[in-house]
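Q: Okay, sequence plus prediction incoming.
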Amino acid sequence: GAGTAGEISITVGTTSSGSGSDVTITAGTSTTPGGTGGSLIGSAGDAITGGAISLSAGSGTSSSGGAVTISSGAATSNGSGNVKIESGTAAGGASGSMTFSSGSNSNGSSGAVNIRSGASTGGSGVGGDITVQVGNGVGATGGALDLVAGFTTGATGGTVSIGGGQGTTTGGQVVIKPGRGGTSSTVIYSNEASPVALSTLSHSSWTVGGVATMSFDFSSTSALTADGITWTSDGGGNAVYTTTNSVNTATGDMTISTGAAGTSTSGNIDITTGTGGTSGDITLEMGDATSNEGELYIKRAGSTVLTIDGQLKLGANANGYDLLVYGQNSGDQLFWDESASKLTINGVDGSIAMEVVDGEFVVGSSGAGDDVTFYSDTAANYMDWTGSSATPRLTVRGSASTQSFRVDSGTAYFAESVTVITTLTTGTASNGQDVRFYGTTSSDNEVLWDASANKLSIDGIDGTTAFQVEDGRSLFGTNGN
């Protein structure tokens, strides 16, 4: 007819006591060998917009609502029947969407959604696989698959956990990989408003960036292996990170580096041991070698600053560096100035105690002298320069620490006999110096060469002149003596 077709309604009556009655619609059973039971088919009507099928359980007024169970038929000697739920095909526009959702709850937690295969309880069977896959397409980009935990107005959002199955010998793997067909990467992002790529795994490399701290649990035996690199744990809290290769072939290099920062500041590299009753050591060691042993280099901006190869070397030939070693007190230090090729040791209050420059050994500075002592192989025999006093003095001490020679205020003193092997010369031509030889009695037995008067005098008893040589004349005694 031209109007609306009539409805068919099958309803069981209500009751004021006890439970409502069931409605059962059952297809026919077949007892014929090889036969198939009858199907139960329900479909909505066709139209410009197809009719809907609504299947819902009854509401509960003071307890739970009724359950909806859709299950395939059981089998006693073969596989049970399949359950297939899908939206219809479409010739234009998107096909119908499918939503699996638990109901909302205005006064508690909403219900969980569980998708799982059945257990295998006999023989050598395994649990059934679960595949969640986006359909194929012909457009520029395939459909996306999103796994997102719940948002909350409280403190902590929901967790996304992906784990392999437990086994008595080996647990199942967790495999995450990009799609085939190019160089796409598997990327883990941060949770900022503008996400940062924390980990990027491509077909040939693994890049970690934007992470302040990376942690790995070494409480059990484990290993992380990439091409030529092995990161292992022995289960005792120890970690080993090595490059690997075949026996008797060169192993790969290992580089630990912070990324370049352009005009900004690159990151630091900190190597520290943990605190404790006894803190751990830090050891830098070159391996044993059958031919050439490795060297330890410390570089700055590409130039070698320090080399350890059996010797400790600062800089390189014709490319030196300054060295500053501090003392206990302020100003006390040793300083090597490579640009001036000068070694300076500062003493009390930062004053210069010693310098070595241009092949010269300098102690103290002009107007600020220091003491120097030179010891011999014999005890108590030494030479002592006292430069810190108002009257500098050079002293040579011989046997039993007795004073053998002294230069004090421009005068040389000999406390022991003097032996002249060749010629004794004092002063220079036209610039003579006085020479005096003392006797054993005060003012007696004195020989004086007076350079300013060009006169040689020998004094005898009571200081009287016994002999003189002056202006080419020899005089014995004096007038009246």
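A: Great, that's in hand. Numbering: from 1, shown residues only.
Q: remind me which residues of the stretch 101-250 of the chain are low pLDDT?
A: 181-184, 201-240, 242-248 (pLDDT under 70).
Q: repeat that for 50
A: Where the stretch 101-250 of the chain drops to pLDDT under 50, the residues are 210-218.
Q: Tell me which stretches of it form strands.
A: For the stretch 101-250 of the chain, applying DSSP state E, counting those that start in this stretch gives strands covering 186-189, 197-201, 206-208, 221-226, 229-234, 239-243.
Q: next structured bit after the last one?
A: Using DSSP states H and E, the helix or strand that directly follows strand 239-243 along the chain is strand 296-300.
Q: hang on, Leu284 packs against Leu296?
A: Yes - using Cβ atoms under 8 Å, Leu284 is in contact with Leu296, at 6.2 Å. Where you see a C-beta, it was placed from the backbone N, CA and C, and this is true even at glycine.
Q: Looking at these two, which is more packed in?
A: Leu296 (12 against 8; other Cβ atoms under 10 Å).
Q: Could you pull up the contacting residues of that one?
A: Leu284, Met286, Leu306, Thr307, Ile308, Asp309 (Cβ atoms under 8 Å, 6 or more residues apart in numbering).
Q: By neighbour count, which of these wins?
A: That'd be Thr307 among the contacts of Leu296, by other Cβ under 10 Å, with 17 neighbours.
Q: Give the closest residue to that one in space, chain neighbours not counted.
A: Nearest non-adjacent residue to Thr307, counting by Cβ to Cβ, 6 or more residues apart in numbering: Lys313, 4.1 Å away.
Q: what does Phe467 give?
A: Among residues not flanking Phe467 along the chain, Ile458 sits closest, at 4.3 Å (Cβ to Cβ, 6+ apart).
Q: just checking, the one you found touches Gly439?
A: No - counting by Cβ under 8 Å, Ile458 stays clear of Gly439, with 9.8 Å between them.
Q: between these two, what contacts are shared?
A: Common neighbours of Ile458 and Gly439 (Cβ under 8 Å, 6+ apart) are Glu446.
Q: quick one, which of those two is more surrounded?
A: Neighbours per residue, other Cβ under 10 Å: of Ile458 and Gly439, the larger number sits with Ile458, 16 against 13.
Q: in the helix or strand hosting the more buried one, what's buried?
A: Per DSSP H and E, Ile458 falls inside strand 455-459. The neighbour-count check on strand 455-459 (16 or more other Cβ atoms under 10 Å) flags Ser457, Ile458, Asp459 as buried.
Q: thinking again about what came up before, tell me the pLDDT at the residue nearest to Thr307?
A: pLDDT for Lys313: 87.
Q: Confirm that it lies within a helix, as I assumed.
A: No - with DSSP: H, G, I helix; E, B strand; the rest coil as the criterion, Lys313 is located in strand rather than a helix.
Q: elements contacting the strand or helix carrying Leu306?
A: Using DSSP H and E, the element containing Leu306 is strand 303-308. For strand 303-308, the packing partners by 3 or more Cβ pairs under 8 Å, 6 or more residues apart in numbering; DSSP states H and E come out as strand 296-300, strand 312-314.
Q: switch to 6 Å and redo it
A: Packed against strand 303-308 by the contact rule (3 or more Cβ pairs under 6 Å, 6 or more residues apart in numbering; DSSP states H and E) you find strand 296-300.
Q: What's opposite the closest residue in space to Ser376 that isn't next to it in sequence in the beta bridge?
A: Using Cβ to Cβ, 6+ apart and skipping the chain neighbours, the partner closest in space to Ser376 is Tyr382 (6.0 Å). Note on Tyr382: beta-bridge partners Tyr375, Arg397, judged by DSSP bridges.
Q: how deep is Tyr382 tucked in, by neighbour count?
A: Tyr382 is flanked by 15 other residues according to other Cβ under 10 Å.
Q: shouldn't it be in contact with Leu394?
A: No - under the criterion of Cβ atoms under 6 Å, Tyr382 makes no contact with Leu394, lying 11.8 Å away.
Q: OK, contacts around the residue nearest to Ser376?
A: Thr373, Tyr375, Arg397 (Cβ atoms under 6 Å, 6 or more residues apart in numbering).
Q: Could you report the distance from it to Val396?
A: 8 Å (Cβ to Cβ, to the nearest Å).
Q: same question, Ser72
A: 117 Å.
Q: The two - which one has more neighbours?
A: Val396 (18 against 11).
Q: ok, that one - contacts?
A: Contact partners of Val396, counting by Cβ under 6 Å, 6+ apart, are Met383, Ser404, Phe405.
Q: pLDDT (mean, whole number) over stretch 18-26?
A: The model assigns stretch 18-26 a mean pLDDT of 86.
Q: List of residues touching that stretch?
A: Residues contacting stretch 18-26 (Cβ under 6 Å, 6+ apart): Val12.
Q: May I have the distance across that stretch, first residue to last?
A: 25 Å (Cα to Cα, to the nearest Å).
Q: Run the chain-centre distance for it.
A: The chain centre lies 72 Å from the centre of stretch 18-26; the measure is Cα atoms, centre = their mean, to the nearest Å.
Q: For that stretch, list every residue counted as buried.
A: Within stretch 18-26, no residue counts as buried by 16+ other Cβ under 10 Å.
Q: returning to what we had before: show the buried residues in the contacts of Val396.
A: Using 16+ other Cβ under 10 Å, the buried ones in the contacts of Val396 are Ser404, Phe405.
Q: Now tabulate the contacts of Val396 in TSV and tack on distance to Gly127.
A: Output for those, formatted as TSV (distance: Cβ to Cβ, whole Å):
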residue	distance to Gly127
Met383	96
Ser404	104
Phe405	105
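Q: Each with direction, which strands does the strand holding Ile458 pair with?
A: Counting by DSSP bridges, strand 455-459 is paired with strand 446-450 (antiparallel), strand 465-470 (antiparallel).
Q: Mean pLDDT and distance to Gly150 added to these, as a markdown table?
A: As requested, these are exported to a markdown table (pLDDT from 0 to 100; distance: least, Cβ to Cβ, whole Å):
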| stretch | mean pLDDT | distance to Gly150 |
| --- | --- | --- |
| strand 446-450 | 86 | 114 |
| strand 465-470 | 83 | 123 |
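Q: which stretch among these comes nearest Gly157?
A: strand 446-450 (107.6 Å; Cβ to Cβ).
Q: Give me the contacts around that closest one.
A: Contacts to strand 446-450, defined as Cβ under 6 Å, 6+ apart, come from residues Asp434, Val435, Arg436, Phe437, Tyr438, Gly439, Leu456, Ser457, Ile458, Asp459.
Q: So which bits of that strand are buried?
A: For strand 446-450, by 16+ other Cβ under 10 Å, it's Glu446, Leu448, Trp449.
Q: What is the nearest of those to Gln133?
A: Trp449 (119.6 Å).
Q: returning to that earlier point: adjacent strands (with direction) for the strand holding Leu306?
A: strand 296-300 (antiparallel), strand 312-314 (antiparallel).
Q: Can you say which of those strands is packed in most?
A: Highest mean neighbour count of the strands paired with strand 303-308: strand 312-314, a mean of 13 (counted as mean count of other Cβ atoms under 10 Å).
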